[in-house]
Structures are given as structure tokens and as C-alpha cells.
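Chemist: quick one: sequence and predicted model below, then my questions.
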Amino acid sequence: MPDKAATIGQLEADYARFRGKFAELPEDAWEEIWLGEWNLSQLLAHMGGWFKEMTGAMERVARGERPTPEGVDYSDADSWNAKFAATASPGKAAIATFDLRFKEYANAAQALPEDLYGEKDGRPKIGNRLLDASGLHHFAEHEPQLDQWLEARKG
């Protein structure tokens, strides 16, 4: 299991690669529905929403608390995803929010102590789990979808 530097390095590389794919799209592309019922702004809001939630989780873990606040349940991901997508800024304005949420997320990951990364008893430690669940996993899941849409747009 990768240590803190390697895990955060991978996260930042994945973010840069992913973000570079849509930065120069024309404004009209942002309104196209291509991922189920979502456009690109909604996808970024979905990802940014999870970055924000997991930023809070990392901040709680850093204080010695459990990652999930009392009374919060993330098991119904579809309802969370819909809530996040509904907050999407229109068009390219979505980039600014996505960038801000990612920066906060990466900063929170950086603030976690080194000993919360790696592996213990054959399982990833909490730092790795929090970055995998909402960051690394999201880039791995959505980048092929983004690539497919961008390729289809070339016609």
C-alpha cells in the first residue's frame, strides 16, 4: 500500500490529467447531457461534492474523531450524488468550484499525519481509504467515460 507521498502524488497526477481534458472545451459542450442525465458541470459538482464531504472526514480523523459525523449515512450514494449534481454551477463556472473543492481535499489529505497512510494487518489505513473512495476511485471511474464522450464529440 502506498505511503502518504505516493498516494497524494497519484491523486494530484490523476486530477491534473482529468482536468486537462475539459479545460478548453467550448461553452456549448458544457450543456450536453452525456453521462446518464448529467452534463459535465453536474459530473464536476458530483465529484466536488464528494471531495467536500471527504475533506470534512479527513479533518475529523486528524482531530482523532471518526470520519463520518454522527447521524450521517453515506450508504445511499445515489441520493448524495443527485444532491451534489443539483448544486452544479452552469458551464465553465463549474471548473472553479471543482478546483476549489479538490484543493481543499488535497490540503486535508496533506495535513493527515504520515502514520495514517500505508497498510496495517493487510488493510489500507484511513488516509489511503479516504483518498481512494472519493478521489482516486472517481478519477478511475469517470475518466474513461469522459474520454468516450470527448471522442464522440469529435464525430
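Modeler: Received, thanks.

Chemist: hmm, residue 44 and residue 25 touching each other?
Modeler: No - counting by CB atoms under 8 Å, residue 25 does not reach residue 44; the two are 11.7 Å apart. C-beta here means a position set from N, CA and C on the backbone, and glycine is covered the same way.

Chemist: neighbour count for these two, which is higher?
Modeler: residue 44 (29 against 16; other CB atoms under 10 Å).

Chemist: check which helix or strand residue 13 maps to.
Modeler: Secondary-structure assignment from DSSP states H and E places residue 13 in helix 4-20.

Chemist: ramachandran coordinates for residue 124?
Modeler: Per-residue torsions, residue 124: phi -60, psi 140 (degrees, to the nearest 10).

Chemist: local confidence estimate at it?
Modeler: Predicted confidence (pLDDT) for residue 124: 93.

Chemist: ditto for residue 135
Modeler: So, for residue 135, pLDDT stands at 88.

Chemist: now the longest helix anywhere in the chain: average pLDDT?
Modeler: Across the chain, the longest stretch assigned as helix under DSSP state H is helix 40-62. Throughout helix 40-62, pLDDT has a mean value of 97.

Chemist: where's that helix relative to the chain centroid, distance-wise?
Modeler: Helix 40-62 sits 6 Å away from the centroid of its parent chain (CA atoms, centre = their mean, to the nearest Å).

Chemist: buried residues, that helix. List them.
Modeler: 40-59, 61 (16 or more other CB atoms under 10 Å).

Chemist: tell me how far stretch 68-85 lies from the chain's centre.
Modeler: 14 Å.

Chemist: so which residues make contact with it?
Modeler: 38, 42, 43, 45, 46, 48, 49, 50, 53, 56, 57, 60 (CB atoms under 8 Å, 6 or more residues apart in numbering).

Chemist: contacting residues for the last one?
Modeler: In other words, residue 60. Residue 60 touches 66, 67, 68, 69, counting by CB under 8 Å, 6+ apart.

Chemist: most neighbours, which of the residues you listed?
Modeler: residue 67 (18 neighbours).
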